[in-house]
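# need coordinates for the below:
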Amino acid sequence: MNASRLLIFTLVLLPGLLGTGAWVVWREAASMARGPCAPSDAPWLGLASPPLPAGRADLPPLRAVTYNLRSGLGPAWRPFDARSRVEARLRNIARSIAEAAPAASPVDVVGLNEVDFHSRRSGWLDQAAFIADQLALLTGNPYEVLRGETWSRHIPGLEVRFGNALLVRHPIVLAGADLLEMPEGTGGPGPLGRVLAEPRGVVHARILFHGQPLEVLVTHLEPFAAPMRLAQAAEVVRRIRSGVSTVVLGDFNTVPFFTADPCHDLLTAGPLQDPRAELAAGARFADLASWATYPSRLARWPLDAILATADLAPLRAVPIGGEDSDHLGFTVDYRWLGEEDARGRTEWHHALHQRQLARFPACGASAQRGVTAKLF
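Residues are numbered from 1 along each chain as shown. Reported below is the predicted structural model:
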């Protein structure tokens, strides 16, 4: 193997192969959890159905979509692809996003993960701008693009710019993008774990939704190192301002109500609520399989989600798209609630959270350490 091929293998092929293999191991470790640590337990089944308030008459539904693009490279791992094929996949994804809402009331906010911004491997395409342009053609509404680059590579022949993006069709008051902290000791063990740890970030904006202030955040959490994922989730939660309507979109890389991985419990311990639990309770579903988004070819894991504060009640939530990425997209329609109705939802979610917390002593810290160890 000559020097150039060794470089390509080290910087491009090896991380991809390790990432794919590590995720398979994680998935198998999760599937082996049984009893009190099983992800399929449904703590909502022991509760009365959540309240179904009529909602505010002065605001239309909020329609949100999150989608992990996988750099437009498709569901199977590949280091690069022709721009024409990348564009074809992104057009399909944009069409799925547009079709997730009625023509008279298009999607309001779109969170995108694993977005390439002018990367060689995907044809030097600004993928966030491309999807925004496609949505404008399909819906007749312009979308503003907010980018959050999380990492880049400038080696000639291997140039990459990569991260998250937020697309918005309403006035933006404030906006920004930051990297999430990587606390010491939260990465994978050993030098390899530190080398392969990918920077993570959050795109954030305050918009006016028909005059109503709304905070919107887009993030993509660490998939393999559980302590790092928990630290990132905690930082996201700290960014939620008290009393402010908020939605958080993204690939959280965590299985909800899986006691051996409490990341989802941390994310929803405060003001953020998961619409899937509420809808599952109303339908008396025993699990969240209806909202699985990964892998796209045979979706089993509900990794992609949209969380919101209590004044936003879900009307519906469905996966969208096909095999143009390794993830399906996910969309939620929300109705706006007044203060009293929002308090009723908060009480229901508090009861749900208490039931989930009661499972932790039975599961035990040793089970969590055992599953985490199998990651590597």
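# pLDDT below threshold where in the stretch 251-376 of the chain?
Applying pLDDT under 70 to the stretch 251-376 of the chain flags residues 362-376.
# 90 instead, please
Across the stretch 251-376 of the chain, the ranges flagged by pLDDT under 90 are 257-261, 355-376.
# can you give me the strands in it?
Under the criterion DSSP state E, counting those that start in this stretch, strands of the stretch 251-376 of the chain are mapped to 304-308, 312-320, 329-336.
# and for the stretch 51-200 of the chain?
Counting by DSSP E, counting those that start in this stretch, the strands of the stretch 51-200 of the chain are 62-68, 109-116, 144-153, 160-168, 172-179.
# okay if I get those as CSV plus mean pLDDT and distance to Phe80?
C-beta coordinates here come from the backbone N, C-alpha and C atoms, glycine included. What follows is these, written out as CSV (pLDDT from 0 to 100; distance: least, Cβ to Cβ, whole Å):
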stretch, mean pLDDT, distance to Phe80
strand 62-68, 98, 18
strand 109-116, 98, 10
strand 144-153, 97, 13
strand 160-168, 98, 10
strand 172-179, 98, 25
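# grab the nearest non-local neighbour of Arg153.
Nearest non-adjacent residue to Arg153, counting by Cβ to Cβ, 6 or more residues apart in numbering: Val160, 4.4 Å away.
# in JSON lines: the strands of the stretch 251-376 of the chain, plus distance to Gly243.
Output for the strands of the stretch 251-376 of the chain, formatted as JSON lines (distance: least, Cβ to Cβ, whole Å):
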{"stretch": "strand 304-308", "distance to Gly243": "14"}
{"stretch": "strand 312-320", "distance to Gly243": "13"}
{"stretch": "strand 329-336", "distance to Gly243": "15"}
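# okay if I get those strands as JSON lines plus mean neighbour count?
Converted to JSON lines, the strands of the stretch 251-376 of the chain look like this (neighbours: other Cβ atoms under 10 Å):
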{"stretch": "strand 304-308", "mean neighbour count": "25"}
{"stretch": "strand 312-320", "mean neighbour count": "20"}
{"stretch": "strand 329-336", "mean neighbour count": "24"}
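# quick one: closest of those strands to Leu125.
strand 329-336 (18.8 Å; Cβ to Cβ).
# list of residues touching that closest one?
For strand 329-336, contacts defined as Cβ atoms under 8 Å, 6 or more residues apart in numbering pick out 53, 55-56, 59, 61-68, 93, 96-97, 100-101, 107, 212, 245, 247, 275, 291, 293, 304-306, 308, 311-321.
# what angle separates it from strand 62-68?
Relative orientation of strand 329-336 and strand 62-68, computed by axes from the mean of the first three to the mean of the last three Cα atoms, to 10 degrees: 160 degrees.
# strands paired with strand 329-336, and their directions?
Partners of strand 329-336 in the sheet, by DSSP bridges, are strand 62-68 (antiparallel), strand 312-320 (antiparallel).
# just the C-alpha atoms of that strand, please, in CSV.
Extracted as CSV, the C-alpha positions of strand 329-336 are listed here (Å, rounded to 0.1, in the frame of the first residue of the first chain):
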residue,chain,number,x,y,z
GLY,A,329,-36.7,11.7,8.3
PHE,A,330,-39.2,12.5,11.0
THR,A,331,-41.9,15.1,11.1
VAL,A,332,-44.2,16.4,13.9
ASP,A,333,-47.2,18.7,13.7
TYR,A,334,-47.9,20.7,16.9
ARG,A,335,-50.8,22.6,18.2
TRP,A,336,-50.2,25.6,20.4
